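Asker: Just to be clear, the model below is a prediction. Sequence and coordinates:
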Amino acid sequence: MTDTARLRRRLADDITGHGLTEPAWRKAVESVPREEFLPDAVFRQGRDAQGMTVYRPLRRHEVPADEWLAMAYSNETWVTQVDGVHAGDATGPVHGLPTSSSTLPSLVVRMLEAAGIGDGDQVREIGTGTGYSTAVLCHRLGDDLVTSVEVDPVLGARAREALHRLGYAPTLVVGDGLDERRAGIEFDRIVATCSVRSIPYPWLWQLRPGGTITTCLSGWMQASGLVHITVREDGSATGRFTGEETAFMLARPHQPPPRPTFTIHPGVPRPTGLDPARLWSWTGRFLAQLAAPSAELLGADAQVILLDTATGSQAWTEVDGVGWTVHQRGPLPLWDAVERAFERWEKAGSPEQDQFGLTVAGEDQRVWIGDPSGPGWSLPS
Ligand SMILES: C[S@@+](CC[C@H](N)C(=O)[O-])C[C@H]1O[C@@H](n2cnc3c(N)ncnc32)[C@H](O)[C@@H]1O
C-alpha cells in the first residue's frame, strides 16, 4: 500500500519556499489527504491539431493507482470542470474555460499566507471547489472558524461529502459568495479562490473593522493581480498588490458575456508608438485591462485585437515598415485608452505591479500607482 503520509510530506517539501513558509500551514499540508478531494476524473490540458487549448478527461481507473496518487500530490492544478462540464461527464475533449479545479497547492497556501491568517481568526472562503483548501483551513484553525461558499450545487455537495467523510465540519454554504449576506458573524478574513473584476460590496459588510480581503483582481483580458486590503472603521478599504504572478478563474457572475463570431473591420488606422507586444507582460496586460475593462484581449505578439462585445468596439494592430499601425472602430476608442494608461504609467516611473494599490471608498473602487493620491483607474461596477 502506498504511504500517502510520505507523499504529503514530499508535497510540503516541494512547495516550501514556493508559497509555503509558515510551519502551521506546513502541518496542514502534511495532514490533509489531497487525493480524497479529487473527483474520479480530472481534465488534462493539451493542444488540439489547430493548436487550441483543449481539456481531455482522465479517469482514475485509466491510470495505475500509484500514478493517480502521484498526480494528487504533485504541485499542479487539476481542472475538474470546464464551462460547467464535469470531467466525469465529458465524453471527449472539451474546449472552453475551466470553471472549477483543485488548485495548485502552493497557490492555495500562498493565498492563505498572504491573508495573514492567525489563530482564532474567523475566515470566510469564497470558492469551496473540491474542498481541499477548506480542509487545510479547518486543520489550521478548527472547524468553527471556517465558512466556505460554493456557487455550484454539485461541487458544493461533493466537497461537503469529502470533508465530512474525513471528519471536517466547517460551515458550508451553497450560493453566490459575491452576493450572499450572512447576518450574525463578523469575519476577520475573506479569502477568494476565484477572482473578481471589482470587490463585491457584501464582502466589506461581512468583515469587522481591521478585517482583510485577499483576492485576485482579474478581468476580461485575463490579467490578474493578488491584492490584500484592510477594512477601516468607516467601512472603506485599502491595501496593496503583492506583485505575485498569481491567477484564479473568474467568479461566475464576473465572467464576460459569450463572445459572438466576429469580423475584423478596417476601422480608422493611425500609427501608434506603443509596441502592442507590451500588452502581454504581467503588468502591461493588467494596465490594459484597467484602461479598457470591458474589452477582451486576443491575438499574439505585436498583433493584438481588443474586442468589446457589448458595443462592438474593436481595435487591432499590425506591424508596418517603421513601427505599428492601430485600426479602431466603434464607439469606444479602446487603443486610445490603453495608450493613455501606458503614458501615465511611464510618467510614474513604469513600476511593476507590487507598486499598485486598491482603495474601495463610497461607490468608487480605484486602483492606483504609488499611493492613493497617485494616478489611477476606476474598476467596473
Ligand atoms: C479554483 S476553484 C476553487 C479551488 C478550491 N479552493 C480547491 O482547493 O479545490 C474556484 C471555485 O470558485 C467557485 N465559484 C465561482 N464563482 C463563485 C461565486 N460567485 N461564489 C462562490 N463560489 C464561486 C467555482 O465554482 C469553483 O469551484
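Answerer: Thanks, I have the structure now.
Asker: mind exporting the helix or strand containing residue 288 as CSV, just the C-alpha atoms?
Answerer: Following DSSP states H and E, one finds residue 288 within helix 282-291. Coordinates of each C-alpha in helix 282-291 appear next as CSV, following Å, rounded to 0.1, in the frame of the first residue of the first chain:
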residue,chain,number,x,y,z
TRP,A,282,2.2,40.8,-16.5
THR,A,283,1.9,44.5,-15.6
GLY,A,284,1.3,45.6,-19.2
ARG,A,285,-1.7,43.3,-19.5
PHE,A,286,-3.0,44.5,-16.2
LEU,A,287,-2.7,48.1,-17.2
ALA,A,288,-4.5,47.5,-20.5
GLN,A,289,-7.3,45.8,-18.6
LEU,A,290,-7.6,48.7,-16.2
ALA,A,291,-7.8,51.1,-19.1
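Asker: Would you give the sheet partners of the helix or strand just after that helix, along with the direction of each?
Answerer: The first helix or strand that comes after helix 282-291 along the chain, using DSSP H and E, is strand 296-300. Applying DSSP bridges, strand 296-300 is found paired with strand 303-308 (antiparallel).
Asker: For the partner strand, what is the distance to the chain centroid?
Answerer: Remark: strand 303-308 is offset 22 Å from the chain centroid, using CA atoms, centre = their mean, to the nearest Å.
Asker: which SS state does residue 336 fall under?
Answerer: With DSSP: H, G, I helix; E, B strand; the rest coil as the basis, residue 336 sits in helix.
Asker: Next one: it from residue 272, what distance?
Answerer: Going from residue 336 to residue 272 by CB to CB, to the nearest Å gives 10 Å. Any C-beta I mention is one placed from the backbone N, CA and C, and that applies to glycine too.
Asker: Same question for residue 15.
Answerer: For residue 15, the distance to residue 272 - CB to CB - is 42 Å.
Asker: Residue 348 now?
Answerer: Taking CB to CB, one finds residue 348 at 20 Å from residue 272.
Asker: Quick one: mean pLDDT over the helix holding residue 288.
Answerer: For helix 282-291, mean pLDDT rounds to 98.
Asker: hmm, back to that, which of residue 348 and residue 272 has more residues huddled nearby?
Answerer: Ranked by neighbour count (other CB atoms under 10 Å), residue 348 and residue 272 place residue 272 first, with 18 against 15.
Asker: Confirm for me that that one is in contact with residue 338.
Answerer: No. With contacts counted by CB atoms under 8 Å, residue 272 stays clear of residue 338, the gap being 9.4 Å.
Asker: Low-confidence stretches in the stretch 51-200 of the chain?
Answerer: In the predicted model, the stretch 51-200 of the chain carries pLDDT under 70 at residues 181-184.
Asker: where along it do the helices fall?
Answerer: Assigned by DSSP state H, counting those that start in this stretch, the stretch 51-200 of the chain shows helices spanning 65-72, 105-114, 132-141, 153-165.
Asker: from the ones you listed, which stretch is densest packed?
Answerer: Greatest average neighbour count among the helices of the stretch 51-200 of the chain goes to helix 132-141 (a mean of 25), per mean count of other CB atoms under 10 Å.
Asker: Output the set of residues of the stretch 201-350 of the chain in proximity to the ligand.
Answerer: By the rule CB under 6 Å from any ligand atom, the part of the stretch 201-350 of the chain lying against the ligand is 248-249, 251-253.
Asker: for those residues, which one is nearest residue 296?
Answerer: Nearest to residue 296 among those, counting by CB to CB, is residue 249 at 15.3 Å.
Asker: show me the contacts for the closest one.
Answerer: Shown in contact with residue 249 (CB atoms under 8 Å, 6 or more residues apart in numbering): 97-101, 194-195.
Asker: which of those are close to the ligand?
Answerer: The subset of the contacts of residue 249 within reach of the ligand, by CB under 6 Å from any ligand atom, is 99-101, 194.
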